[in-house]
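1. no sequence on this one, just coordinates:
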């Protein structure tokens, strides 16, 4: 059963960037969603000039600022699966067990252990 409110995002997840497969880093300060308003914590790829981000409510996205207003642009082909418990987006990470798939999809909500390792197909940058 899906929960009605979005739980906080965990800060020690290890999402992989869909563009370069590098591990993303948590940015608690996040993005200013509406110039001086709410800040949205997210994971950020810090590899060279990559500006891909991830959070559980938006999934993988890029921020493009136009006339000082941030626009969130979904990363094409990356937001594929949602947690059936929370309705939040899953992130892609390495499978530490290596007993099958090289990568797994995990929920980034605090206290949730939901994951999918049965998702085949080719990732954008494998």
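-> That came through, no problem. Since we're looking at a predicted model, the values are computed, not measured.
2. Just to check, residue 70 is in contact with residue 63?
-> Yes - counting by CB atoms under 8 Å, residue 70 does reach residue 63; the two are 5.1 Å apart. Yep, even glycine has a C-beta here, placed from its N, CA and C like the rest.
3. what's the overlap in contacts for the two?
-> Shared contacts of residue 70 and residue 63 (CB atoms under 8 Å, 6 or more residues apart in numbering): residue 31.
4. any low-confidence regions in this protein?
-> Residue ranges of the chain with pLDDT under 70: 1-5, 33-37, 67-68, 97-101, 120-126.
5. Spatially central residue for it, please.
-> Centroid-nearest residue in the chain: residue 54, 3.1 Å away (criterion: CA atoms, centre = their mean).
6. what separates that one from residue 63, distance-wise?
-> 12 Å (CB to CB, to the nearest Å).
7. Surely residue 45 and residue 21 touch.
-> No - here residue 45 does not reach residue 21: they are 9.8 Å apart, not a contact under CB under 8 Å.
8. Just want to know which of the two has more residues nearby.
-> Using other CB atoms under 10 Å as the criterion, residue 45 and residue 21 rank with residue 45 on top: 24 against 16.
9. Tell me which residues touch that one, please.
-> Going by CB under 8 Å, 6+ apart, residue 45 touches 17, 19, 20, 22, 24, 25, 51, 52, 53.
10. next one: residue 64
-> So residue 64 contacts 70, 71, 73 (CB under 8 Å, 6+ apart).
11. In which helix or strand does the first one reside?
-> The one in question is residue 70. Using DSSP states H and E, residue 70 maps to strand 69-74.
12. Give me the next element, helix or strand, following that strand.
-> strand 90-94.
13. contacts for the next helix or strand after that next one?
-> Downstream of strand 90-94, the first helix or strand assigned by DSSP H and E is strand 103-107. Identification of contacts with strand 103-107 by CB under 8 Å, 6+ apart yields 13, 16, 56, 80-81, 83, 85-86, 88, 90-95, 113-117, 119, 123.
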